[in-house]
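Asks: From the sequence below, what's the structure:
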Amino acid sequence: MRPRLFALVYIAVLVSSILVSAPGALAATAPRTMGNYIVVLEDGAGAPAAVAAEQTRTFGGKVGFVYTSALKGYSASLPVADVAALRADPRVAYIMADRTVSIAAQTLPTGIDRVDGELSSTISGNGSGSVDVDVAVIDTGISTSNPDLNVVGGRDCVTPSTPTLDDQNGHGSHVAGTIGARDDNQGVVGVAPGARLWSVRVLDASGFGTFSQVICGVDFVTANAATIEVANMSLEGSGTDPGAGCKTGDAFHDAICNSVKAGVTYTVAAGNGSRDASTTVPAAYDEVITVSGLADFDGKPGGLATRPQSCPADVDDTFFNQSNFGADIDLIAPAVCILSDAPGVDATGAPRLDTMTGTSMASAHAAGAAALAKSRVPKANPNQVKLGLQAAGNLNWNNSDDPDGIKEKLLNVDVF
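Replies: Numbering: from 1, shown residues only. Below you'll find the predicted structure:
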């Protein structure tokens with residue numbers, strides 16, 4: 001998001017007397033460059049909403065979101081020239097510039113087949129059963145009219161003044177379907193069928209958003225950590241891992257770090273830039289489960305399937321050629337030509353379906369798997385969930401074209 005420019009023009013009456021009485025008035029006539037920032041407060045600074053109102057009033061800014069759970073702080077539009085003065089306020093821990101992020105009859109999708117969803121405790125695809133877990137989809141929203149998706153609540157961080165949980169892009173609904181589409185003999189079935197889905201809308205209809213919006217979503221999830229066990233973020237922005245701990249000076253990282261400390265397991269997309277995931281966030285953060293992509297066209301190992309003409313160019317059972325890679329990857333999961341839910345219903349009233357490709361789809365499979373793991377061991381903490389998914393995975397795929405040469409475990413849920 002580019003900084004917005006505002007101009008304040010003062011029409012002077014009795015100019016000479018104003019300049020004599022207020023020498024600084026001349027500077028005030030110059031246009032002020034505004035920037036978008038995330039302000040994180042020190043512990044004990046006071047109520048974030050009150051501090052935000054005071055500080056932005058002092059510097060002529062405008063409050064965006066107020067954070068109370070994942071972080072103590074706020075986002076705001078502020079005069080660039082005054083940021084140093086605000087940073088000197090002893091109540092301010094640190095300030096960072098806001099940045100942009102963007103998206104990465106019943107059918108058993110190939111991805112569900114490949115991770116052995118039909119062999120899990122829910123027997124995905126048998127037309128019955130559901131998973132007693134709550135999963136937040138931090139994305140473009142989730143369709144509230146698609147009967148395949150069990151949406152129970154959420155938060156709109158894109159247009160909070162006119163809130164909606166509904167998906168105006170399609171990406172969030174697709175991710176949600178892979179995670180938890182109902183096992184109800186229509187549409188598709190998810191890895192964790194019927195899981196309660198929380199629509200946390202942080203990306204707009206074009207699939208873009210800002211760090212401040214995503215932190216708003218993380219803050220909502222953290223405030224509801226007693227209910228929401230798993231959160232998926234199939235999105236990416238530029239950045240690196242700032243290091244250990246939850247007070248690093250990187251507000252996006254610190255919010256997720258605090259949310260994980262509160263007990264929420266995060267699955268995230270590796271990203272689709274064909275580069276090292278260490279340059280992409282949240283994929284680079286150690287606290288999350290980062291998932292790269294597998295090209296699989298038939299749901300079976302062996303690399304024997306011919307690529308359907310409608311699918312992107314790739315080779316069956318190999319590393320998805322656009323997936324990010326590197327030491328930050330924790331798992332690999334199906335990512336190419338994945339069938340899942342779309343917003344709304346078709347002319348017959350059946351769930352609408354769509355096919356998408358990307359590590360967003362891989363992350364969604366892992367989120368469903370994390371939900372299954374939590375349903376089996378409700379007290380498992382996020383690190384135990386990560387280790388459990390890695391232990392349950394297998395190496396039955398061809399990594400000959402994986403740029404880093406590291407053969408990550410392929411997600412498998414038959415033991416869950």
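Asks: what does stretch 297-305 contact?
Replies: Defining contact as Cβ atoms under 8 Å, 6 or more residues apart in numbering, one finds that stretch 297-305 is touched by 108-114, 296, 306-308, 311, 315-318, 336-337, 396-398. Every residue, glycine included, has its C-beta placed from N, CA and C.
Asks: Buried residues, it. List them.
Replies: 297-299, 303, 305 (16 or more other Cβ atoms under 10 Å).
Asks: Paired strands for the lengthiest strand in the chain, with orientation please.
Replies: For the chain, the strand with the greatest residue count under DSSP state E is strand 32-41. Here strand 32-41 has these sheet partners by DSSP bridges: strand 5-6 (antiparallel), strand 73-79 (antiparallel), strand 92-97 (antiparallel).
Asks: how is the protein carved up into domains?
Replies: Domain segmentation of the chain under automatic domain parsing yields 5-98, 101-392.
Asks: Make a ChimeraX selection of the buried ones in the contacts of stretch 297-305.
Replies: A single ChimeraX command selects the buried members of those (16+ other Cβ under 10 Å):
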select :108,109,110,111,112,113,114,296,315,316,317,318,336,337,397,398
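Asks: Inside helices: which ones of the contacts of stretch 297-305?
Replies: Here DSSP state H is the test, and those give 110-114 as lying in helices.
Asks: helices or strands up against the helix or strand that contains residue 179?
Replies: Assigned by DSSP states H and E, residue 179 belongs to helix 171-180. Counting by 3 or more Cβ pairs under 8 Å, 6 or more residues apart in numbering; DSSP states H and E, the packing neighbours recorded for helix 171-180 are strand 134-139, strand 196-201, strand 338-345, strand 351-356, helix 359-376.
Asks: Tell me how far the residue nearest to residue 354 when sequence neighbours are not counted lies from residue 292.
Replies: Nearest residue to residue 354, sequence neighbours excluded (Cβ to Cβ, 6 or more residues apart in numbering): residue 342, at 3.9 Å. Using Cβ to Cβ, to the nearest Å, residue 342 is found at 25 Å from residue 292.
Asks: Between those two, tell me which one has more neighbours.
Replies: Set residue 342 next to residue 292 and count neighbours by other Cβ atoms under 10 Å: residue 292 wins out with 29 against 22.
Asks: Quick one: residues contacting the more buried one.
Replies: Residue 292 neighbours (Cβ under 8 Å, 6+ apart): 270, 277, 319-320, 323-325, 329, 331-333, 335, 359, 362, 408.
Asks: Show me what secondary structure element comes after the longest strand of the chain.
Replies: Remark: after strand 32-41, the chain's next helix or strand is helix 48-59, criterion DSSP H and E.
Asks: For the residue sitting nearest the centre point of the chain, give the beta-bridge partners.
Replies: Residue closest to the average C-alpha location in the chain (Cα atoms, centre = their mean): residue 233, at 2.2 Å. Residues in a beta bridge with residue 233, per DSSP bridges, are residue 268.
Asks: That one reaches residue 280, doesn't it?
Replies: No: Residue 233 lies out of contact with residue 280 (Cβ atoms under 8 Å); the separation is 11.6 Å.
Asks: Residue 151 - how many residues pack around it?
Replies: Neighbour tally, residue 151, other Cβ under 10 Å: 22.
Asks: My error: substitute residue 205 in the last question.
Replies: 12.
Asks: Check the gap between it and residue 158 for me.
Replies: Residue 205 is 9 Å from residue 158, by Cβ to Cβ.
Asks: got it, and residue 397?
Replies: 37 Å.
Asks: same thing with residue 248?
Replies: Distance of residue 248 to residue 158, computed by Cβ to Cβ: 26 Å.
Asks: do the same with residue 48
Replies: As judged by Cβ to Cβ, residue 48 and residue 158 stand 21 Å apart.
Asks: repeat for residue 303
Replies: Taking Cβ to Cβ, one finds residue 303 at 41 Å from residue 158.
Asks: Any regions of the stretch 151-300 of the chain where pLDDT drops low?
Replies: Under the criterion pLDDT under 70, no range of the stretch 151-300 of the chain is flagged.
Asks: what ranges do the strands span in it?
Replies: Taking DSSP state E, counting those that start in this stretch, the strands of the stretch 151-300 of the chain run over residues 151-156, 196-201, 208-210, 230-233, 235-238, 265-269, 280-281, 289-295.
Asks: Using a markdown table, lay out those strands together with distance to residue 174.
Replies: Below are the strands of the stretch 151-300 of the chain laid out as a markdown table (distance: least, Cβ to Cβ, whole Å):
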| stretch | distance to residue 174 |
| --- | --- |
| strand 151-156 | 14 |
| strand 196-201 | 13 |
| strand 208-210 | 17 |
| strand 230-233 | 12 |
| strand 235-238 | 13 |
| strand 265-269 | 13 |
| strand 280-281 | 20 |
| strand 289-295 | 14 |
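Asks: quick one, which of these is nearest to residue 130?
Replies: strand 196-201 (9.0 Å; Cβ to Cβ).
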